[in-house]
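> Sequence and predicted structure, then a few things I'm wondering about:
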Amino acid sequence: MQAARLRWVVASGSNISLANLRARDPAALRAVVNQHARRLYRAARGMGFSSGDAEDLAQEVFATFLETIDRFEGRSEVGTWLFGILHHKAQERRRAHWREDLTDAVDEVFEGRFKADGSWREPPIQADRLVAAGQTAEALRECLAGLPDQHREVFQLRQLEELSAADVSEMIGCTINHVGVLFHRARVRLRACLEAQGWGRSR
């Protein structure tokens, strides 16, 4: 493996070698934990897990990272690798009720939201503005909690963690187009939920 493949930025301003991580160097591992622990916890909470479960999941992610680090070749960012592990750990926790019918009642919402040519009847609320607006934070949390598991996870990873559709596709094991469908449906559901609570464009 070329030397360039053995290095990447783990924390701002510091280069950690892949060789050090594979050697389980404490300083290198600590840098990874310091950079990603809060993001993993936040993502797990955003996926609908309780505070305790989110902490457990974050710990499980790092434990699995240690076990599988020899398979990590540095082709992707370490954060992407960790979020992939988080996805699988989250699946394990809710395996019994993970399946979901994609042709659900949201189709009725779509019919009412779009014109015959596929354009919006009204432009959707910008999700990033909603996340940033403190006065809507509680309403957004409630609406996120009401999303199906897979919609919520895709929204969390794409919108809040800003992972690419390709990365999320690889994590959850579906096509990039399907990630787009799930992300779009999540936004439609959120918009409908927020409007039902009185949060519209004119508010």
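Received, thanks.
> neighbours around Arg75, how many?
Neighbourhood size, Arg75 [other CB atoms under 10 Å]: 9. For glycine as for every other residue, the C-beta is placed from the backbone atoms N, C-alpha and C.
> domains in this protein, as residue ranges please.
Domains of the chain are assigned by automatic domain parsing as 3-97, 106-196.
> could those domains go into a markdown table alongside mean pLDDT?
Output for these, formatted as a markdown table (pLDDT from 0 to 100):
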| stretch | mean pLDDT |
| --- | --- |
| domain 3-97 | 78 |
| domain 106-196 | 76 |
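> I'd assumed Val61 was in contact with Leu86.
Yes - the criterion here is CB atoms under 8 Å, and Leu86 meets it with Val61 at 5.1 Å.
> which residues are common contacts for the two?
Taking CB atoms under 8 Å, 6 or more residues apart in numbering as the contact rule, Leu86 and Val61 both touch Leu40.
> which residue sits closest to Glu170, ignoring its sequence neighbours?
Gly84 (7.0 Å; CB to CB, 6 or more residues apart in numbering).
> Spell out the secondary structure type for Arg75.
coil (DSSP: H, G, I helix; E, B strand; the rest coil).
> Can you mark which positions in the helix or strand hosting Arg42 are buried?
Here Arg42 sits within helix 26-46, counting by DSSP states H and E. Of the residues in helix 26-46, 28-29, 31-33, 35-37, 39-41, 43-46 count as buried by neighbour count, 16 or more other CB atoms under 10 Å.
> do the same with stretch 160-180
In stretch 160-180, counting by 16+ other CB under 10 Å, buried: Leu160, Glu161, Leu163, Ala165, Asp167, Val168, Ser169, Glu170, Met171, Ile172, His178, Val179.
> List of residues touching that stretch?
Here stretch 160-180 has contacts from 39, 42-43, 46, 76, 80, 83-84, 87, 131, 150, 153-154, 157-158, 182-183, using CB under 8 Å, 6+ apart.
> Okay, and which of the residues you listed map to helices?
Applying DSSP state H to the contacts of stretch 160-180, the entries found in helices are 39, 42-43, 46, 80, 83-84, 87, 131, 150, 153-154, 182-183.
> quick one: which of those residues is most hemmed in?
Val154 (29 neighbours).
> just checking, Arg94 touches Asp149?
Yes - in this structure, Arg94 is within contact of Asp149 by CB under 8 Å, at 6.1 Å.
> Same drill for those two, tell me which one is more crowded.
Taking neighbours as other CB under 10 Å, Arg94 and Asp149 compare with Asp149 leading, 16 against 13.
> got the residue ranges for the helices in the protein?
According to DSSP H, the helices that the chain contains are 18-22, 26-46, 51-68, 78-93, 106-113, 127-132, 137-145, 149-155, 165-172, 176-196.
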